[in-house]
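Student: only geometry, no sequence info:
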């Protein structure tokens with residue numbers, strides 16, 4: 001637990017520091033460079049920070065499949081526009097709900113067998129991903 005808090009104590013401020021230049025990178029590389037942002041350095045820092053956060057989360061919780069496929073589209077439908085905080089909150093709710101189902105509901109149905117959280121999120125995520133693929137390729141007449 002101490003390693004988790006230590007890594008978050010380092011990565012949290014790094015993420016907060018890179019959040020400002022990230023908004024400027026949305027304008028494009030040339031515009032961000034014109035605003036004084038070192039584009040390659042910020043992009044490299046963002047990638048390293050994102051990979052480190054994903055590694056810490058995976059090391060702490062184990063592999064949890066399909067959360068990214070579920071959280072973003074669900075949050076966008078609720079909020080009405082793409083939102084990183086809404087997606088993060090939705091992902092946290094999905095993982096907590098899957099954890100609750102895996103440890104409390106699944107043993108009742110499967111006679112005492114506790115499932116990993118990744119099994120529950122995979123069971124929810126695979127059909128949702130297929131539904132997204134089918135509905136996103138439809139052309140409206």
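Tutor: Thanks, I have the structure now. From a predicted model like this one, the values you see are computed outputs, not experimental measurements. Numbering: from 1, shown residues only.
Student: okay, residue 141: pLDDT?
Tutor: Note on residue 141: pLDDT of 49.
Student: which stretches of the chain aren't confidently modelled?
Tutor: Scanning the chain with the threshold set as pLDDT under 70 gives 138-141.
Student: contacts only, for the residue minimising distance to the centre of the chain.
Tutor: For the chain, residue 68 is the residue whose C-alpha lies nearest the centre (Cα atoms, centre = their mean; 4.7 Å). The contact partners of residue 68, taken as Cβ atoms under 8 Å, 6 or more residues apart in numbering, are residue 91. The way it works is simple: take the backbone N, C-alpha and C, and place the C-beta from them, glycine included.
Student: now it: phi and psi?
Tutor: The phi/psi pair for residue 68 (degrees, to the nearest 10) reads phi -70, psi -40.
Student: residue 69 and residue 105, how far apart?
Tutor: 22 Å (Cβ to Cβ, to the nearest Å).
Student: quick one: the residue nearest to the centre of the chain and residue 127, what's the gap?
Tutor: As for residue 68, its distance to residue 127 is 16 Å (criterion: Cβ to Cβ).
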